[in-house]
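Asks: Sequence and predicted structure below; questions after.
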Amino acid sequence: MLNLIWLKSLTTLIEQHSFQAAANQLGLAQPTVTQHIQKLEEMLCVPLIKRGRSGCQPTEYALRLLPYATSMLRLQDRALQAVQQPSMRVGASSNIGIYLLQPYLQSYLSTQTRQQDPLDLVIDTNPTIAEKLENAEIDIALMEWWPPKTGFDSQTWKTEPLVLITPPDHALTQLPSISRTMLSGLNLIGGESGSGTGRLLKTYLQDFQQMPTITMQLGSTEAVKQAVRAGLGISLVFASAVVDEVQHGSLCAIPLEDSALKKSIQIVWRHQSLGYDKRPEFVEHLLQTSINLNPAGL
């Protein structure tokens, strides 16, 4: 098995570019750090460090190992913290963390009458949040798309309608809604990848031979909104993501016909293997608390 102490010496050496500097950082003797690297190289049967006039540089093998070593060390810190200083880390995909979750966090914290474990919120892309959950870097995740996996429980938290957003002067703003037929032939700006919107569209438009054309792929809903405001195109986003812009008149949001295109927001948590099925307290709060976040008039 990989020795975490050796891995710590390796990651510190890569960061410091010097055995002596790494030893000072770790509070170890320089020969000890050298020994850790040698043992790791012997175990893996590959060279990990190149020595040169400019200092120590990682080999290609070390660079391949580095993200795994970093993840293992981070997981160790989380394991120790879970025992010694418990905390709860909630992860959310970008749209959920930015546009939906904040009032629920405030409500949860305001109802706690006892001393509670610290709560941290991590916001990232949907695939990254899924990876962090599987790696035990977060305890609870809220995601736009989650494929069921062994060892995890999940439940639909709420459904969020998608709307077509356009500049105020766009011709489509005269329509009360967008039909499936019309949607299938549109050119759209794409948002954050890995959020499940593409899968949702394929199901929604499964009876049509044509799918919307993605003209450009942007990394976030905020970037999409700015692009639409600049007249670069139109797009599909969470209705909750454009409440302020619609109220201020900088964007228009057109609902889909019969409000049929909705995304199910999933709460996912690690299965409790203690002989009972009690859900985490924060999960219970999310499922029981009723806060109206549906944008009026969309």
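Replies: Structure's in. What do you need?
Asks: C-alpha only now, for contacts and for neighbours.
Replies: Noted.
Asks: what's the average pLDDT for the helix or strand hosting residue 67?
Replies: Element membership for residue 67 (DSSP states H and E) is helix 60-84. Averaged across helix 60-84, pLDDT comes to 86.
Asks: Would you indicate which residues of it are buried?
Replies: 62-63, 66, 69-70, 72-73, 75, 78 (16 or more other C-alpha atoms under 10 Å).
Asks: which residues touch residue 47?
Replies: 41, 59, 61-62 (C-alpha atoms under 8 Å, 6 or more residues apart in numbering).
Asks: related to what we said a few turns ago, same list, the buried residues of helix 60-84, but as TSV with distance to residue 179 please.
Replies: Shown next, in TSV, are these (distance: C-alpha to C-alpha, whole Å):
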residue	distance to residue 179
62	54
63	50
66	50
69	50
70	49
72	49
73	51
75	48
78	48
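Asks: Low-confidence ranges, the stretch 1-150 of the chain, go.
Replies: Across the stretch 1-150 of the chain, the ranges flagged by pLDDT under 70 are 82, 85-86, 112-117.
Asks: Quick one: the strands in it, in order.
Replies: Ranges of strands in the stretch 1-150 of the chain, per DSSP state E, counting those that start in this stretch, are 49-52, 55-58, 88-93, 119-124, 140-143.
Asks: What are the structural domain limits within the protein?
Replies: Domain ranges of the chain: 4-83, 87-158+264-288, 159-263, per automatic domain parsing.
Asks: Now do the contacts for residue 127.
Replies: Going by C-alpha under 8 Å, 6+ apart, the list of residues near residue 127 reads 194-195.
Asks: now do residue 94
Replies: The contact partners of residue 94, by C-alpha under 8 Å, 6+ apart, come to 123-126, 220.
Asks: Restricted to buried residues, select the residues you listed in ChimeraX.
Replies: Command for ChimeraX that selects the buried part of the contacts of residue 94, burial taken from 16+ other C-alpha under 10 Å:
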select :123,124,125,126
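Asks: want to throw the contacts of residue 94 into a markdown table with distance to residue 255?
Replies: Shown next, in a markdown table, are those (distance: C-alpha to C-alpha, whole Å):
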| residue | distance to residue 255 |
| --- | --- |
| 123 | 27 |
| 124 | 27 |
| 125 | 25 |
| 126 | 24 |
| 220 | 21 |
